[in-house]
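*Asks:* With the input below, show me the fold.
(one chain, ligands or ions: 2)
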Amino acid sequence: MSKDLFSFVGKSLERVDGAVKAEGKALYGDDISFPNMIYAAAVRNPKPRIEIRKMDDSLAKKIKGYFGIVSFKDIKGKNSWPLVMNDYPFLPEKEAKFYGETLALVLAENQRTAKKAAACVRLDYKELPFIDDPLKALEKKSLKIYGKDNIISSFKIIKGDADKAFKDCDVVIEKEFRTNYQVHAYLETQTATAVPEPDGSITVYSSTQCPFYVLDAVAAACGLPNNKVKVIQTVTGGGFGGKEDVPALVAAHAAICALKFNRPVRLAYDRKEDFMSMSKRHPSWARVKYGADKNGKIKACKVKYVLDGGAYATLSPIVLWRGTVHAAGPYKIENVFIETYAAATNKVPCGAYRGFGQPQICFAQESLIDDLAEKLGIDPIDLRLKNMIQSGDKTATGQKIDESCGLKELTEIVRKKSRWDKSEVKINGDKRRALGFSCAYYGVGLGAKGRYLDRAGAFVNIYRDGSVQVNVGNTEMGQGALTVLSQIAAETLNAPMKNIKLAEVDTSKVPDSGPTVASRTTLMSGNAIIEACLPLRENIFSAAAELLKAGKNKITAYGGFFYFGKKKISFEEAVKECWSKRLKMSEQGWYAAPNTTFDINNGQGNAYVIYSYSADIADVEVDIKTGEKTVHKIYAAYDVGRIINPKLAHAQAHGGILQGMGWAIMENLIVKDGIMKNPNFTDYVLPISTDAPQYDISFSEKLYKHGPYKAKGMGEVPLIGVAAAVRNAVKRACGVSLTYCPMISEKTLKTINDKK
Ligand code: MTE
Ligand code: MOS
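*Replies:* Ligands and ions are numbered 1, 2, ... in the order given. Next up is the predicted model:
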């Protein structure tokens, strides 16, 4: 299939939600309102770990407009958030486990009064000893705060015999790496509104990536069957993984309050409480070891990887599993031993952030492989090329990559574009400037660990005038899903793009389509839409052929019109004809990912159905007097299968790179003795538009046979390799092998000075 055969796919069409957002007309979670709505505010844990003795709202009762307090006693359902390990109570009963945890909610006639009342609630508690270091948490003699051993989750990958293979290696290298938190910093904070309905059911409006997770949580908290809870996603001002888990908790809180007071209830976090209590990218510690022969053939890899899970499991097991699977890097290595742990600490629970446990371990392993190249005296790109996965090779889990693998081409593209082979360290006064490389792979979708969730539904309804409504269960959060899915629907039906309308996600209108994570929307919802559209397409194409008085195979279809010879009819005319024949003009589609086989005991098998790939080269300047870094340019190349919308794909690249850069060199959340010190945009420094590097983006479209129009997934890949590329450039520029993120100036300077 050549690209020209498509009318809509592969074209940089305008965002369907662009104007409404740019003009400020879109209604986000805190913009909607309901008659008689009241406002909730959280009473939060002021310490890392406490025994709750009493909460007294007698002072709050004196405030005008105060409605009352809601505690765990008001939960009509089960006090356990259904999410992976079910260990997180909606509201704690005796013990609170992290600073910022919601202990209770107060209600008032407006947000300000609610906040004021929350501050007036007197808390009687006893401070309990706590743990804030994940490595200490894993020690045998540590204080136990989670189960018997403080281990939330743990995995292993065993392939060949790594320890034995290291003995035969000419060069062995081993280092420890650490990375810090990353805060999603979406513009819209966590927000939900719960509206009790006259029949005892409840409707929840939620700023979320995962409406069905919200549904599960609200139903559990309210003790209602799923069909009595309706979750509608409001326009969502960014997610990046941060609106995967926490919105369910926020919505459940709002719902518990709404049922108690029988009024619509709004719960919207301010920035500080959003920082304190919402999930983040896990801080990590990793010890990585690679061994190679003198020609640079990597023979063994050993990794120990520990994530700081925080006080409750939330998504740690899934995030850890993804990190485990990818821990050896995109290389064919015969002997691999990987052990991984998510350790519990008395800190904010960590969850999903773009890349999902893969960026942390990629930073460690792509840094170490660069150092291995140095030790071997081989060019770092040449070393990777010798070992990297290509079609026909097997990953660390023994999965044979048999299609759609462009990693080698990507590497060659960025190598050429950056003039890597001719590049040298540029010295200008105290400034040193050089290039650094990294590459990565990313399993699209939930893979073996989340395979029961890897499905999606769609409902397509064509009206008599030829306009089309599409319902899906995956969400738009800025990434462009609405546009990409519209293009897929338009292409499959041969309907004009303007005729397609993606409805807001409403759990009562579409089957549970899993979470909008793991870059799975284009693939899963895209395929579900195609499945729904195919029978409709049959009807429409037959009707068009009849109107054109031609055989069905003789007509051509393009851009919303049907042609035969000189005759032409529109999509709308064909639809009208279908309706006049009383043909079925609505269909539902369902897509389930192909099966994966994976042995959880030794970590062998097909972990993911397909992988996307990236190669990055960072052009970085370091001031050796201050440790300051300027990322001048990122050359990045991606294989994400067919590009459905090139402009949006570039936008995803730009955003992902900038977030990767922020994590690499700037963003530094400080948690001391369990207390978060900089929960705001003044003290938590993020890259802004003026910090953006130049972007040089390329694609190599290795088509995936099961993908919609042969696409894979794009959303997270651009972030993953950036930190290691920056770190490797810093190393080349000034000779220091940094082992931590963020590489903030002060710390880099110290490393430079220590080396002298
Ligand atoms: N881009 C924008 N603008 N806003 C977001 O919240 N989330 C990222 C990525 N790109 C995000 C984004 C994350 S974490 C994921 S998993 C994917 O988009 C999800 O979208 P997809 O499934 O459509 O790829
Ligand atoms: Mo993305 S971290 O999988 O929401």
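*Asks:* which residues does the closest residue to ligand 2 within the stretch 651-756 of the chain contact?
*Replies:* When C-beta to the nearest ligand atom is the measure, the stretch 651-756 of the chain has its nearest residue to ligand 2 at Glu716, with 5.8 Å between them. Yep, even glycine has a C-beta here, placed from its N, CA and C like the rest. Each residue near Glu716 by C-beta atoms under 8 Å, 6 or more residues apart in numbering is listed here: Arg354, Gly355, Phe356, Gln358, Tyr442, Ala518, Ser519, Gly656.
*Asks:* Report the distance from stretch 284-299 to the chain centre.
*Replies:* Put simply, stretch 284-299 sits 28 Å off its chain's centre (C-alpha atoms, centre = their mean, to the nearest Å).
*Asks:* er, stretch 612-629 actually
*Replies:* 24 Å.
*Asks:* Up against ligand 2, what does the stretch 651-756 of the chain have?
*Replies:* Glu716 (C-beta under 6 Å from any ligand atom).
*Asks:* quick one: the nearest residue to Thr596 once chain neighbours are set aside and ligand 2, what's the gap?
*Replies:* Distances taken as C-beta to C-beta, 6 or more residues apart in numbering place Ala448 nearest to Thr596, at 4.1 Å, with adjacent residues excluded. Taking C-beta to the nearest ligand atom, to the nearest Å as the measure, Ala448 falls 16 Å from ligand 2.
*Asks:* can you offset everything so residue one is 27?
*Replies:* Sounds good: first residue 27 from here, last item Ala474.
*Asks:* re the thing from before, so which of the contacts of Glu742 belong to strands?
*Replies:* When the contacts of Glu742 are checked against strands (DSSP state E), the matches are Tyr468.
*Asks:* who's in contact with the residue nearest to Thr622?
*Replies:* Applying C-beta under 8 Å, 6+ apart, the residues contacting Ala474 are Thr622, Thr623, Phe624, Gly631, Asn632, Ala633, Tyr634.
*Asks:* so how far is Arg546 from it?
*Replies:* Distance from Ala474 to Arg546, counting by C-beta to C-beta, to the nearest Å: 14 Å.
*Asks:* Check Glu223 too.
*Replies:* The gap separating Glu223 from Arg546 is 32 Å, by C-beta to C-beta.
*Asks:* With neighbour numbers in mind, choose between the two.
*Replies:* For Glu223 versus Arg546, neighbours defined as other C-beta atoms under 10 Å are more numerous around Arg546 (28 against 12).
*Asks:* residue contacts, the more buried one?
*Replies:* Contacts of Arg546 were listed using C-beta under 8 Å, 6+ apart, and they are Val470, Gly471, Leu472, Asp480, Ala482, Asn500, Gly540, Gly739.
*Asks:* Please report the distance of the fourth one from Leu109.
*Replies:* Distance of Asp480 to Leu109, computed by C-beta to C-beta: 17 Å.
*Asks:* what about those two, which has more around it?
*Replies:* With other C-beta under 10 Å as the criterion, Asp480 and Leu109 differ in neighbour count, and Asp480 comes out ahead with 26 against 22.
*Asks:* wait, doesn't that one sit right on Asn500?
*Replies:* No. In this structure, Asp480 is not within contact of Asn500 by C-beta atoms under 8 Å, at 11.8 Å.
*Asks:* what is in contact with these two at once?
*Replies:* Common contacts of Asp480 and Asn500 (C-beta under 8 Å, 6+ apart): Gly540, Arg546, Met550.
*Asks:* Of the contacts of Ala474, which is the most crowded?
*Replies:* Using other C-beta under 10 Å as the neighbour test, those are led by Tyr634, with 27 neighbours.
*Asks:* mean confidence for the host helix or strand of Leu508?
*Replies:* Secondary-structure element containing Leu508, defined by DSSP states H and E: helix 507-519. For helix 507-519, mean pLDDT rounds to 98.
*Asks:* is the helix or strand following that helix up against ligand 1 anywhere?
*Replies:* Sequence order places strand 526-528 as the next helix or strand after helix 507-519, per DSSP H and E. No. With C-beta under 6 Å from any ligand atom as the criterion, ligand 1 is not reached by strand 526-528; the gap is at least 12.3 Å.
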